[in-house]
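> model this:
(2 chains)
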Number of protein chains: 2
Amino acid sequence: MSFVSVNIESATDSPVKLTRRALAKQRTRERVLAAARRLFSERGYEGATIRDIAQAAGMSTGAVFASFADKSELFEEILTADYEVIYAQMTQAARNAKTVDEALMGLFGVAYGFHVEQLPLLRASIAVSWTRSEAAERRARTDLKHIFRLIGEALQRGVDEGQLKKDIDAKLLAEITWDVYVANYRRAVYDGWSVEALLARLSEQLKVIFAGARA
Amino acid sequence: MSFVSVNIESATDSPVKLTRRALAKQRTRERVLAAARRLFSERGYEGATIRDIAQAAGMSTGAVFASFADKSELFEEILTADYEVIYAQMTQAARNAKTVDEALMGLFGVAYGFHVEQLPLLRASIAVSWTRSEAAERRARTDLKHIFRLIGEALQRGVDEGQLKKDIDAKLLAEITWDVYVANYRRAVYDGWSVEALLARLSEQLKVIFAGARA
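Predicted coordinates for the structure are as follows:
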């Protein structure tokens, strides 16, 4: 058998097999992710074991481990999928805004709207963010960079359009805003605050944080 | 037997028994707390079970449960004991300060100094703060009220001494400061920041947060 005929066999045969296998694998992953999302929401990160998740997905723990290295990889995958949805909407909100305040309220409003609907998962994700490995923290920060770039762009537009001073420390302002944005979820978790209440508080906080930055 | 003689019996007999029992109980509690502190630091809150803690303390789980209702009560007791130490030192630092900035840097410096020395316990306590029961959150907020009162006193002195404007929203300023103070621990946990580095960052953050509040 020549080298070429091997290649032809691959071209006519293997791709179909691969596609079927890939599709089956994809379906397994989706079943695991759906079951995991439900269990993490119901029981928190620590409360849901791989065994529980496998059982809920109707498969063996071995089948779960064929798709995911461990529980933390599974959890990260859920958060990343959510992150991609939120990020697209945040970008839209920030770019449609007319002022820097509108942009910040718009993009954080998207995030509050999304997470308040699934608070148990949010609680688990903030808790995990304090106990995860350094490698997992690095990956999370890479995701966050995109959001900080969005905030940075909104602040730069604020400078360009004369709403903010030219010499602001945009990075520090963005980080302080992020810190209070995250901390506010405590009010949603333990005090039942609505998205509107969270945004009203954030608006007051932005007034303080940006008081020295207004042009 | 007269009423008086019963009382005399109690006075000569029971108190001694009670004291011995109370002392033994106290020693048991201390042994459990010491073992729990070590295990929570080594394994995090979820990673340390009551069974592990009992074993490390050299007693039965029943003996642990005779002193503490559950793991969360045990964990809270450790944090409260630490809190009392920190609070006394924070009060000292704030009251010795000459300006509002010195007071804030002093009191948060005490906290950074304390917690950076036992980061694993701090990580566990921040993680737990997002997943605990509403009742536990209420108790934690009652403790925090004392610290917010300290910050409030520092800000009021700043107003009285003409460093801050009269119409500042002291509560909002204190809460924003608290949020960034807590968020900064992420740098200690994942980036190995020292107390000095944390304080340098807090100082930059305070400049931004208080920019609109300076008299």
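
> pretty sure A:Gly58 contacts A:Arg31?
Yes. In this structure A:Gly58 lies within contact range of A:Arg31 using Cβ atoms under 8 Å: 7.4 Å. The way it works is simple: take the backbone N, C-alpha and C, and place the C-beta from them, glycine included.

> who's more crowded, these two?
A:Arg31 (18 against 9; other Cβ atoms under 10 Å in any protein chain shown).

> residues contacting that one?
Residues in contact with A:Arg31, defined by Cβ atoms under 8 Å, 6 or more residues apart in numbering or on different chains, are A:57-59.

> please repeat the previous calculation with a cut-off of 10 Å.
The contact partners of A:Arg31, by Cβ atoms under 10 Å, 6 or more residues apart in numbering or on different chains, come to A:53, A:56-59, A:63-64, A:67.

> which SSE is immediately downstream of whichever strand or helix holds A:Leu107?
In the assignment (DSSP states H and E), A:Leu107 maps to helix A:100-116. Downstream of helix A:100-116, the first helix or strand assigned by DSSP H and E is helix A:119-129.

> how is chain A partitioned into domains?
A:1-68, A:70-215 (automatic domain parsing).

> ok, the residue nearest the centre of chain A - contacts?
Against the mean C-alpha coordinate of chain A, by Cα atoms, centre = their mean, the closest residue is A:Tyr83 at 2.6 Å. The neighbours of A:Tyr83, taking Cβ under 10 Å, 6+ apart as the test, are A:76, A:90, A:111, A:114, A:125, A:140, A:143-144, A:146-147.

> do A:Glu153 as well
With Cβ under 10 Å, 6+ apart, A:Glu153 has these contacts: A:91, A:94-95, A:103, A:170.

> any idea of the pLDDT on it?
With respect to pLDDT, A:Glu153 has a value of 96.

> one step back: lowest average pLDDT across the domains of chain A?
domain A:1-68 (a mean of 82).

> so how far is it from its chain's centroid?
In terms of Cα atoms, centre = their mean, to the nearest Å, the centre of domain A:1-68 is found 22 Å from the chain centre.

> try stretch A:56-76
For stretch A:56-76 - counting by Cα atoms, centre = their mean - the centre lies 20 Å from the chain centre.

> thought A:Arg187 was touching A:Val195?
No. A:Arg187 is not in contact with A:Val195 according to Cβ atoms under 10 Å; the separation is 11.2 Å.

> more neighbours: which of these two?
Remark: of A:Arg187 and A:Val195, A:Val195 carries more neighbours, 17 against 14, as counted by other Cβ under 10 Å.
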